[in-house]
Each structure stands twice: as structure tokens, then as C-alpha cells.
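Visitor: I'll drop the sequence and a predicted model, then ask my questions.
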Amino acid sequence: MHQKFEISSNHSRRNLKIREFAIIDKRLNNVKPDLLRPEDYVLLHEQTYEKQNIVKAIDAGMIALVSALRTPVFYPNADTIEEIAECVIALYEGQTTDPVELFPDKHDKSTAGAE
């Protein structure tokens with residue numbers, strides 16, 4: 001399954017939003033992630049966090065941030081949550097202000113040779 005995460009920070013509202021998307025059309029399973037269109041993805045879940053909690057977790061380190069990002073209904077695998085956490089850190093350190101799109105499938109060994 002192809003997945004995509006959109007990570008954005010709305011500084012004026014003081015929150016962080018992570019949206020999880022996936023391809024659910026089985027006909028698109030063998031399509032390279034680079035060839036997929038935004039409309040091919042379906043929103044599966046949206047999680048919102050308060051900025052102050054995320055900033056505290058960033059200050060406490062990667063393990064604390066991963067723990068803060070995971071919830072009973074949002075629990076990505078270890079590699080993916082680490083990538084998400086790195087994107088969150090980049091957002092809050094001011095390295096980017098634009099929403100970040102993360103495609104964990106691009107780093108998956110099963111699709112790495114196809115690129």
C-alpha cells in the first residue's frame with residue numbers, strides 16, 4: 001500500500017497537524033510512487049497536536065517526540081514515525097514553513113529498485 005503523510009504547522013493557531021493518506025485502489029498498487037497523483041490518495045486519518053506539547057517533546061529528545069506523536073489511533077511503524085518526527089523538528093526549527101509531504105514507500109526496500 002502506498003502511503004503519504006502531510007505534516008503542517010499552523011503557528012497562528014498554535015497546532016501541528018498530521019494527515020495520513022493512502023492509495024486504496026488496487027489497480028494502482030504497482031504504480032511507482034512518483035507517478036501517483038494527489039487525487040489518487042484517500043485521507044485515512046488526521047491528528048492535531050497542541051504546539052506547546054510538541055515543543056516540549058522536541059526539547060526532551062526524539063524518544064519523547066515519538067511518544068507524543070503516537071496515539072491509540074495513530075501509530076505508524078518505527079521507521080515512519082522517526083521520519084515524521086524529523087519533519088516535525090524541521091518545521092519547528094524554522095527550516096521550512098510549508099507543509100511537508102512524506103512518502104515512506106519511496107524508502108521501502110520493495111520499491112527502492114523500481115525507482
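Guide: Structure received.

Visitor: From now on I want contacts and neighbour counts done on CA atoms only, so please keep to that.
Guide: Will do.

Visitor: For the protein, just list every one of the strands.
Guide: In the chain, the strands defined using DSSP state E lie at 3-10, 15-22, 42-50, 100-102.

Visitor: Output these in CSV; the columns should cover mean neighbour count, distance to residue 66 and mean pLDDT.
Guide: As requested, the strands of the chain are exported to CSV (neighbours: other Cα atoms under 10 Å; distance: least, Cα to Cα, whole Å; pLDDT from 0 to 100):
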stretch, mean neighbour count, distance to residue 66, mean pLDDT
strand 3-10, 20, 14, 91
strand 15-22, 19, 13, 95
strand 42-50, 14, 13, 96
strand 100-102, 17, 16, 92
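
Visitor: Mind putting those into a markdown table with distance to residue 81?
Guide: Shown next, in a markdown table, are the strands of the chain (distance: least, Cα to Cα, whole Å):
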| stretch | distance to residue 81 |
| --- | --- |
| strand 3-10 | 10 |
| strand 15-22 | 11 |
| strand 42-50 | 13 |
| strand 100-102 | 11 |
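
Visitor: my read: residue 84 touches residue 102, true?
Guide: Yes - contact criterion Cα atoms under 8 Å: residue 84 and residue 102 qualify, at 7.4 Å.

Visitor: Mutual contacts of these two, please.
Guide: The contact sets of residue 84 and residue 102 overlap at 5, 7 (Cα atoms under 8 Å, 6 or more residues apart in numbering).

Visitor: between the strands of the chain, which one is nearest to residue 72?
Guide: strand 42-50 (11.1 Å; Cα to Cα).

Visitor: Return the distance of that closest one from the chain's centre.
Guide: 10 Å (Cα atoms, centre = their mean, to the nearest Å).
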